[in-house]
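> everything below, folded, please.
(one chain, ligands or ions: 1)
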Amino acid sequence: MRKLYITRKLPEEVLTKLSASFSIRMWDKEDQPVPRHTLEKEVEDIDGLLCLLTDNIDSHLISKSKKLKIISNMAVGYNNIDMEAANERNIMVTNTPGVLTETTADLTFALLMATARRLVESSNYLRDGNWKTWSLMMLTGQDIFGATLGIIGLGNIGEAVARRAQGFSMKTLYYNRSRKYDVEKELNIIYTDLETLLKESDFVCVMTPYTKETEHLIGKEQLGLMKESAILINTARGGIVDEQALYEALKSKKIWGAGLDVIEKEPIDLNHSLLTLPNVILLPHIGSASVKTRTAMADIAVTNLINGLTGEGTIHLVK
Ligand code: DGY
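Presented below is the predicted three-dimensional model:
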């Protein structure tokens with residue numbers, strides 16, 4: 001029987017699909033990642049690996065595994081996998097696109113609105129007993145309706161965010177590696193260079209994949225181009241934004257606020273400088289976290305694994 005290793009506890013109904021044809025070992029803790037030394041040992045004799053974005057599947061780990069044929073990542077992003085090392089060994093790498101698009105766009109828009117209207121701060125203000133009276137400028141935020149939205153990276157999730165922006169009559173700009181003329185027409189959005197987008201947007205949403213090219217794409221210089229009233233939203237990957245530069249821009253009120261679902265090193269260190277600022281909302285990477293979507297992601301990751309190893313049916317291969 002072919003052997004599989006799964007790096008986090010999966011729902012029973014998803015697992016039963018695998019157990020008929022494969023011998024499975026699994027890290028069975030829901031809230032802790034598999035320790036590196038355990039993972040290194042576990043991959044030695046397996047044919048297939050089902051992993052999460054928290055698992056660093058680097059060349060060293062891949063070299064430990066002699067028979068590995070497929071790495072099924074339970075995420076759409078796959079920056080945690082050394083693709084060069086996988087390609088060299090002809091190991092298939094799969095992801096879970098499609099199912100999480102709308103859920104992640106929902107969260108992106110929710111975070112944008114929560115940051116603009118200071119929802120977390122307002123709730124804490126009330127709970128802390130600071131609400132003595134209604135006053136004119138108390139907890140005032142930024143308007144969303146009719147504002148300009150800049151989307152960096154117009155993939156599926158970027159497009160889904162642009163669609164939501166239509167309901168708020170937003171002017172939407174986008175910056176992407178390639179122009180998408182048909183989407184421009186369909187969603188009434190405007191292609192710009194990055195500099196123009198940063199200068200003109202009230203909300204800048206980072207939605208691009210994390211690669212060597214996009215690492216610290218948003219740094220001191222880029223934040224310096226943004227409006228003082230602007231808000232940065234990142235629901236993609238933390239490494240795309242230079243956090244030290246962001247901290248300084250927020251602290252000195254160079255920009256107005258930030259909403260982050262992702263940070264460079266997850267989980268966050270509770271001494272992180274960003275946690276000292278009131279004008280940033282930080283979330284624990286919950287973009288795709290709806291029951292339906294997370295279940296669907298697990299299901300697709302398992303299907304990729306089965307189909308990749310049996311050679312039957314389709315899989316979501318990443319290039
Ligand atoms: C992904 O799939 O890449 C997301 O970040 C997980 O929600």
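
> for my notes, confirm Tyr125 occurs in a strand.
No. Applying DSSP: H, G, I helix; E, B strand; the rest coil, one finds Tyr125 to be helix, outside a strand.

> check it and give its pLDDT.
pLDDT recorded at Tyr125 is 98.

> quick one: name the residues of the stretch 151-300 of the chain near the ligand.
With Cβ under 6 Å from any ligand atom as the criterion, the stretch 151-300 of the chain meets the ligand at residues 287-288. Backbone N, C-alpha and C define where each C-beta goes, glycine included.

> try it again with 8 Å
Counting by Cβ under 8 Å from any ligand atom, the residues of the stretch 151-300 of the chain close to the ligand are 235-237, 262, 285-289, 297.

> for those, pick the one with the most neighbours.
The most crowded member of those, judged by other Cβ atoms under 10 Å, is Ala236 (28 neighbours).

> ok so, going back, pLDDT added to the residues of the stretch 151-300 of the chain next to the ligand, as TSV?
Formatted as TSV, these follow (pLDDT from 0 to 100):
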residue	pLDDT
Thr235	98
Ala236	98
Arg237	98
Val262	98
His285	98
Ile286	98
Gly287	98
Ser288	98
Ala289	98
Met297	96
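
> around Tyr191, how many other residues sit close by?
Residues lying near Tyr191 (other Cβ under 10 Å) number 17.

> how about the strands in the stretch 101-250 of the chain?
148-152, 171-175, 189-191, 203-206, 231-234 (DSSP state E, counting those that start in this stretch).

> show me what the second one is packed up against.
If I follow you right, that is strand 171-175. Under the contact definition 3 or more Cβ pairs under 8 Å, 6 or more residues apart in numbering; DSSP states H and E, strand 171-175 sits against strand 148-152, helix 156-166, strand 189-191, helix 194-200.

> report the distance from the first one to the chain centre.
Spelled out, that is strand 148-152. Taking Cα atoms, centre = their mean, to the nearest Å, one finds strand 148-152 lying 17 Å from the centre of the chain it belongs to.

> if we can go back for a sec, now the strands of the stretch 101-250 of the chain in TSV, with distance to Leu197 and mean pLDDT?
Shown next, in TSV, are the strands of the stretch 101-250 of the chain (distance: least, Cβ to Cβ, whole Å; pLDDT from 0 to 100):
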stretch	distance to Leu197	mean pLDDT
strand 148-152	4	99
strand 171-175	5	98
strand 189-191	9	98
strand 203-206	7	99
strand 231-234	12	99
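
> as JSON lines, the ones you listed with distance to Leu305 would be great.
Listed next are the strands of the stretch 101-250 of the chain as JSON lines, based on distance: least, Cβ to Cβ, whole Å:
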{"stretch": "strand 148-152", "distance to Leu305": "32"}
{"stretch": "strand 171-175", "distance to Leu305": "35"}
{"stretch": "strand 189-191", "distance to Leu305": "37"}
{"stretch": "strand 203-206", "distance to Leu305": "30"}
{"stretch": "strand 231-234", "distance to Leu305": "30"}
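
> tell me which of these lies nearest to Leu225.
Among the strands of the stretch 101-250 of the chain, the nearest to Leu225 by Cβ to Cβ is strand 203-206 (9.7 Å).
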